[in-house]
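Enquirer: Show me the folded form of this:
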Amino acid sequence: MPPQNNSKNTIIFMVIAGLMLLAYSFFVMQPQAERQKAARAAAEQQAAASGAAGGTGATTDSAPAFITDREQARRALGDRVAIKTETVSGSLSLRGARLDDLYLTNYKDTLAPGSPSVELFRPEGMEHSYQAIFEWRGSNIEGGVPDRNTPWRLTQGTTLTPTTPVTLTWDNGAGLRFTRRIAIDNQYLFTITDTVANFTPRSIQITPFGKVERQGVPDDLGRNQILHEGAIGTFGTEGKYATTSLKYGAWAKKPVQEEESTGGWIGITDKYWLAALIPTQSEQVKAEFRISNLPAAETHSVNLQGQSQTIAPNAEISETTRLFAGAKRNEILAGYEKSLDLPRFIYAIDWGFLFFLTRPMFLIVEFFFGILGNFGLAILALTLVVRLIMFPLANKSYESMSRMRTLAPKLEELKKKYPDDPASQQKEMMALYQKEKINPLAGCLPLLIQIPFFYAVYKMLTVTIEMRHQPFFGWIRDLSAADPSTIWNLYGLIPWDPATVPLIGTFLTTNASLSVLAIVYGLTMWLQMAMSPPATDPMQRRIFQFMPVVFTFIMATFPAGLLIYWAWSNVLTIFQQYIIMHRLKSENPIDTFFARFKKA
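Expert: Okay, here's the model as predicted:
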């Protein structure tokens, strides 16, 4: 290929790569930032309008009249019972005995001082309300059965805590008395035990029913393609259980999906949080994912219907259902899975299709965290373990690559010998490889094997709450988020936020941020590639030389923990390559660099 064409193709490649980065910023990152900004502005405008209207939350007839004041929404649903544990706080409404006001007190929205606790449930009447409701179903029952609007009465207890359950009662006025006992443990498990007494002269047949419903999906949910947010559940029988999941997009295409199961569980999951209904594991149940179009908003609900029960005159029956409402910590889910004999509950965490790698790698990181006390150091230790596992194969591969570097002059001679005969070139090259016992593809094996590990680490950092808001050292305060440093304010030396720049602010703080970790990663990638055999084709050689620059910008948006893993892996690879190349007396850029100082 003529040199001028190589230069032209290289320039074209650089232009296309730059255009791709710009397009990603303008068409993906920038619109996302604008949507979030518009949502915040709309919320502020709605709050202002609510205040001007005397706090009623009223809007025009064409829009839902959402209540913006949480306390007002709580009062609108009647009297309440406070909930207080070491992990959650909030209240339940006596109207329908619904669990609709819950905060996870051990987790904050952001790292900013004074940040509020993470909200899980939100009262009906507010935008994006989220709640769990437990009802009974029955036909032709005089006086009716409890539903979402039943006025329950608090008859025992004042505050729901792990040591003080509360008891609610409701009499339908026609011979049926319902008693509901609600208990909570030290973590995130509510136990709802209903007792129904029949004082009528005839038998009554009723069916327990529970649901978790979300009215409208917040804009920040369901956007990340690498993780699952939406409906999830495990169903089956006789030890044969499978997990079914529907992302919000797929759920919209299939608004109703029904399952029958013996035990199992069903819920709605976010990235880190889960609300799941858990029946008695020996009970035959009907589960359902459903989307309903209600006046206020499109409602996503997961429904659980238990077995119908017949209550003889002057008899009573009991039904127990559990609700998990909290953070998806691995050890907590595993504990409930074991204590409740709950199938596949740990898979409420989206370990991904490489779960056989993702979860073991997480367990290794957690083990090292217990020793080192820092998840960043634990990731460095994990990287070392991965490199040790791959050491024998990588060692042979790097030996082959080092020998190929020594053959570079001979390969150049073959190209000059057969400048217009590629077939002869290839034949002579393969003969030379065979003579020297070199596999030219061996250098690709370590990279190919590392790809699944790379993805598993990325997945682990994305979906495990244990990594959320975990610091490393210095300015790295959250390993699950991108490195916040940027060259555009000289890494914090200039008191200026590049995100405020019109049009390109998002681009400057994402792909073009040139964060410290991204630069470290890029330098290690460049050195690693410099130690590899150069490509025989000039165009390929130029592309490979440019790749570290491209990937430096691309990787700037990835979690800091992933960059720490990959850069440290590159350092270990470079160290291993250097030892082999030095032993085989193969020319390498490190020795060449230090040789310059000796000559000077």
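
Enquirer: confidence score at M361?
Expert: With respect to pLDDT, M361 scores 95.

Enquirer: What is the burial count for it?
Expert: 22 (other CB atoms under 10 Å). The C-beta positions use only the backbone N, C-alpha and C, and glycine is treated the same way.

Enquirer: Look at it and tell me its secondary structure.
Expert: Of the three states, M361 takes helix according to DSSP: H, G, I helix; E, B strand; the rest coil.

Enquirer: tell me the contacts of it?
Expert: L382, F453, A456, V457, M460 (CB atoms under 8 Å, 6 or more residues apart in numbering).

Enquirer: N149: which of the residues you listed is nearest?
Expert: The closest of the contacts of M361 to N149 turns out to be M460 (CB to CB; 43.7 Å).

Enquirer: Could you measure from the closest one over to I379?
Expert: As judged by CB to CB, to the nearest Å, M460 and I379 stand 9 Å apart.

Enquirer: Give me the common contacts of these two.
Expert: By the contact definition CB under 8 Å, 6+ apart, M460 and I379 are jointly contacted by V365.

Enquirer: low-scoring pLDDT stretches of this structure, where are they?
Expert: Scanning the chain for pLDDT under 70 picks out 1-64, 295-296, 398-408, 436-447, 534-537, 599-600.

Enquirer: Which of the three states applies to E288?
Expert: At E288 the chain is in strand, as set by three-state DSSP.

Enquirer: can you count the residues close to it?
Expert: When neighbours are defined as other CB under 10 Å, E288 has 17 of them.

Enquirer: same deal with F369?
Expert: F369, neighbours per other CB under 10 Å, totals 20.

Enquirer: now do A82
Expert: By other CB under 10 Å, 14 other residues sit near A82.

Enquirer: just checking, it touches S93?
Expert: No. Counting by CB atoms under 8 Å, A82 stays clear of S93, with 11.5 Å between them.

Enquirer: how about the strands in the stretch 51-200 of the chain?
Expert: Ranges of strands within the stretch 51-200 of the chain are 80-84, 88-93, 98-108, 117-121, 130-137, 153-156, 159-160, 166-171, 176-184, 189-198, based on DSSP state E, counting those that start in this stretch.

Enquirer: Show me what the third one is packed up against.
Expert: This points to strand 98-108. In this structure, strand 98-108 packs against strand 80-84, strand 88-93, strand 117-121, strand 130-137, strand 315-327, with contacts taken as 3 or more CB pairs under 8 Å, 6 or more residues apart in numbering; DSSP states H and E.

Enquirer: now swap in the shortest one and tell me
Expert: The helices and strands touching strand 159-160, judged by 3+ CB pairs under 8 Å, 6+ apart, are strand 80-84, strand 176-184.

Enquirer: how about 7 Å then?
Expert: strand 80-84 (3 or more CB pairs under 7 Å, 6 or more residues apart in numbering; DSSP states H and E).

Enquirer: follow-up on the earlier one: tell me which of the helices and strands packed on strand 98-108 sits nearest to V196.
Expert: Shortest separation from V196 across the helices and strands packed on strand 98-108 is recorded for strand 315-327, at 5.6 Å, computed as CB to CB.

Enquirer: List the buried residues for the helix or strand that comes right after that closest one?
Expert: Once strand 315-327 ends, the next helix or strand along the chain (criterion: DSSP states H and E) is helix 330-339. By 16 or more other CB atoms under 10 Å, the buried positions in helix 330-339 come out as N330, I332, L333, G335, Y336, E337.
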